[in-house]
Structures are given as C-alpha cells and as structure tokens.
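Chemist: below are the sequence and a predicted model for it; my questions follow.
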Amino acid sequence: MIERRPFAELGGANHGWLDAKHHFSFANYYDPQRMEWGALRVWNDDTIAAGTGFPPHGHADMEIITYVREGAITHQDSLGNKGRTEAGDVQVMSAGTGIRHAEYNLEPVTTRIFQIWIQPDRRGESPSWGSKPFPKGDRAGQFVTLASGFEQDGDALPIRTQARVLGATLKQGQSAELELPEGHLAYLVPAKGRVSVNGVELEARDGAAIRDERKLTITALDEAELVLVQTAR
C-alpha cells in the first residue's frame, strides 16, 4: 500500500519568517488520521527567511533529524555544541533527558529544511548532537543511510530508535531499489523532482506513506532528490 499525500493538502502555518508545512499533526494543525507513521511522529517542510530562525527552546525524549535542502542552518545548544549544516547534509539531536537549542538561518538567502522527529526506543539517556556531510555524489543512483539506530549502519549518524533515515539522488530516468524488512513502514518525500514509487507518481514535496511493500522501485521522472524514513511498526 502506497498512499500519496499531496503537498498542497498538507497542514501548516505561515509565520512570516517561517513557512511550515506539516505531514503529520503538529502545533495547531490536527488531523486524527495523520498522527504518526510507526515511530515517525513529525515531518515538517520548513522555509526559513534569511537572518531568522528558532530561538532557544527545549525538547526531551525525541530523535530530531534535520535534513537541509537549501541554504544552511546554524545550531547552538545547552551542551555547548555549535555547528553549521549545509544543503544536502544532516544533523541529529537526541533530546534524551532534556536539551535546549536554537536553530538560525544566518545565511543571506532562504533556507529550506526537512525536520523529522522519530520517537526513541530508549529513554533516560543523556542528550547529544551531531552533524555530518553527505556528498550527493556518494548517493547518486542509490540510497545511503544518513541516520540509523541499527548497529550495522556504522557510517550513519546514530539515533536511539529502530529506524533509518536514507537519502538518494537520481538523474531523470534513473531508478533505485530498496528492500524493506517485513513489518516495516516507510515514508518517502522527494525534496526535488517527480518520481514514481512502485507505479505511484509523486510530485516534489509530496509524501508517500508506505505499508506492506517489501521492495520499492523508485524511478525519477525528473532529476530528483529523495529522503526516506524506514521504521518498525
């Protein structure tokens, strides 16, 4: 089963400095049919104006993954971590027992991100933060694991849940395949480009909620950039 969730039908709010679209219920947007997808709880498509951002605020017991699509985001937190994550790269914050952080677009241009929240399997651990570049050439024509809670994914940023965040770039007409473990769910969003997923066509920034599909074949109808979360039910 692949359910297309058109970008135009997503919830959201425009705050001026922030134009946010929500794939799942978030803040003042509530849809009882879109509360979560397995352990995946939030997928926000955020457009952040230059010189603005999220002031310091707190989180606990959540794995928060930021995939930068355009521009860059600058992070600072209560642990003393500071970092700048550029387009195509990923940062992970494991909120653990509690952390405060700020995320600012200090660039002279608009920044666009996917912010993904996944519920942790383990609680009561110390918070942490990390960032890693993932050159797009390394994931040309194939999926690369960006963040993972599985030990075998040693090159990925660690998260504290049985889930993976994967990325791929495809040229027009190119296909990539991905096998999903039995019982796992997936949620796919093309950051750019149109794609076909097992015959279901998606426009850029549409969501695809995927269940009971053991193998995915994604074909790029345009040059495409993909982000996918795989999670146990």
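Modeler: Structure's in. What do you need?
Chemist: which strand residues bridge the residue most central in space within the chain?
Modeler: Centroid-nearest residue in the chain: I116, 4.2 Å away (criterion: C-alpha atoms, centre = their mean). Beta-bridge pairing of I116 under DSSP bridges involves W43, I65.
Chemist: separation between it and Q174?
Modeler: For I116, the distance to Q174 (C-beta to C-beta, to the nearest Å) stands at 25 Å. Just so you know, the C-beta spots here come from the backbone N, C-alpha and C atoms, and that holds for glycine as well.
Chemist: now L166
Modeler: Distance from L166 to Q174, by C-beta to C-beta: 16 Å.
Chemist: so those two - more neighbours on which side?
Modeler: Neighbours per residue, other C-beta atoms under 10 Å: of L166 and Q174, the larger number sits with L166, 23 against 16.
Chemist: OK, contacts around the more buried one?
Modeler: 143-146, 178, 226-230 (C-beta atoms under 8 Å, 6 or more residues apart in numbering).
Chemist: M62: which of those residues is nearest?
Modeler: Here the nearest of these to M62, counting by C-beta to C-beta, is V229; it sits at 14.0 Å.
Chemist: sheet-wise, list the partners of the helix or strand harbouring the closest one with their directions.
Modeler: For V229, the element it lies in under DSSP states H and E is strand 224-232. Neighbouring strands of strand 224-232 in its sheet, by DSSP bridges, are strand 163-170 (antiparallel), strand 184-192 (antiparallel).
Chemist: and the ones you listed, which is most packed in?
Modeler: With neighbours taken as mean count of other C-beta atoms under 10 Å, these reach their highest mean count in strand 163-170, at a mean of 24.
Chemist: just checking, next helix/strand downstream of that one?
Modeler: Taking DSSP H and E, what comes next after strand 163-170 is strand 175-179.
Chemist: that following strand - contacts with which helices or strands?
Modeler: strand 163-170, strand 215-220 (3 or more C-beta pairs under 8 Å, 6 or more residues apart in numbering; DSSP states H and E).
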